[in-house]
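> model the following, please.
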Amino acid sequence: MATLPIEPTNKSFLSNNKFDFVIDRLPNIQFFIQTINLPTISLGIATTPTPFVTVQTPGTIITFEEITVSYIIDEDMKSWFEIYDWLHALAGTEGFPKSTLKNSPGSYENFTSSATLIIKTNSNNANVKLKFFDLFPTNLTGFQLSATESHDFITSTVTFNYTKYEADYI
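Numbers count the residues shown, from 1 in each chain. Prediction:
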C-alpha cells in the first residue's frame, strides 16, 4: 500500500497577535483591541426517528457564536463610552431615544454595524478577511480602579451579536 505525499505548501504557523478588527461604528476602539475570539460556527442536525435507530442528517440552520473583544480603555474613555452610549440607544433608555436609531420599521441600519477581522501572515500581510454583518453590542463589562494596585492598564470586554459572518482569502 502506497502512501500519498502530504506536505503543506505553507509551513508557517498562524500567529495569535497578527490581526486587525475594525468596527465601522466604533472608530475609537480599533487601536486598543487586545483580544478577539474567532466565533464558532455550527450546523444544526435534523433527526428522523425510525423503529431501529434515530437517523441524523445535516440540518439547514447555521448558528454563529458571539464575538468577545477585550480592549484597553483610553484615558478619555472614548472607546468605553462609544459602546456604553450604543447600548443605551439600543435599549431606548432615558436620554437615548431608540427611535433615532431606526430609519424605518424593519430597518436595522442605524443600530447595527458591520465589522471586519483581518488575519495577517507572519510578515504582517493581510491574508484572511472575515466580514461580520448586523453587529451590535449585548454586554459591556465594568472595570476596577484601585489606588493600591500596580500601574496596569484598565481593560474592558464587550460582547457582540451579529447576523452572520463570511470568510475569504485576500
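
> buried residues, stretch 159-170. List them.
Neighbour counts over stretch 159-170 (16 or more other CB atoms under 10 Å) mark 160, 161, 162, 165 as buried. (Each C-beta comes from the backbone N, C-alpha and C, glycine too.)

> apart from its neighbours in sequence, what residue is nearest the second one?
Once flanking residues are discounted, residue 161 sits nearest to residue 138: 5.3 Å by CB to CB, 6 or more residues apart in numbering.

> separation between the one you found and residue 37?
Noted for residue 138: a distance of 14 Å to residue 37, by CB to CB, to the nearest Å.

> then residue 152?
Distance from residue 152 to residue 37, by CB to CB: 22 Å.

> do residue 22 as well
In terms of CB to CB, residue 22 sits 16 Å off from residue 37.

> looking at the protein, which helix or strand is least sure?
Across the helices and strands of the chain, mean confidence by mean pLDDT, DSSP states H and E is lowest for helix 78-91: a mean of 91.

> who does the residue minimising distance to the centre of the chain bridge with?
For the chain, the residue nearest the mean C-alpha position is residue 67 (3.2 Å; CA atoms, centre = their mean). For residue 67, the beta-bridge partners are residue 160 (DSSP bridges).

> in this structure it contacts residue 138, no?
No. Shown here, residue 67 and residue 138 do not form a contact pair, counting by CB atoms under 8 Å, at 9.9 Å.

> which neighbours do these two share?
Jointly contacting residue 67 and residue 138 under the rule CB atoms under 8 Å, 6 or more residues apart in numbering are 159, 160.

> report pLDDT for the nearest residue to residue 62 once chain neighbours are set aside.
Once flanking residues are discounted, residue 62 sits nearest to residue 43: 5.7 Å by CB to CB, 6+ apart. Residue 43 is assigned 95 on the pLDDT scale.

> next one: residue 139
Looking at residue 139, its pLDDT stands at 98.

> now name the helix or strand holding it.
strand 126-140 (DSSP states H and E).

> sec struct for residue 27, please.
coil (DSSP: H, G, I helix; E, B strand; the rest coil).

> returning to what we had before: using PDB, list the CA coordinates for the least confident helix or strand of the chain.
What follows is helix 78-91, C-alpha atoms only, in PDB (Å, rounded to 0.1, in the frame of the first residue of the first chain):
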ATOM      1  CA  LYS A  78     -13.900  57.400  24.400                       C
ATOM      2  CA  SER A  79     -13.800  53.700  23.500                       C
ATOM      3  CA  TRP A  80     -15.800  52.700  26.500                       C
ATOM      4  CA  PHE A  81     -18.400  55.500  26.100                       C
ATOM      5  CA  GLU A  82     -19.000  54.600  22.400                       C
ATOM      6  CA  ILE A  83     -20.200  51.200  23.500                       C
ATOM      7  CA  TYR A  84     -22.000  52.500  26.600                       C
ATOM      8  CA  ASP A  85     -23.900  55.000  24.500                       C
ATOM      9  CA  TRP A  86     -24.700  52.400  21.800                       C
ATOM     10  CA  LEU A  87     -26.200  50.000  24.400                       C
ATOM     11  CA  HIS A  88     -28.400  52.800  25.900                       C
ATOM     12  CA  ALA A  89     -29.600  53.800  22.500                       C
ATOM     13  CA  LEU A  90     -30.500  50.200  21.700                       C
ATOM     14  CA  ALA A  91     -32.400  49.900  24.900                       C
END
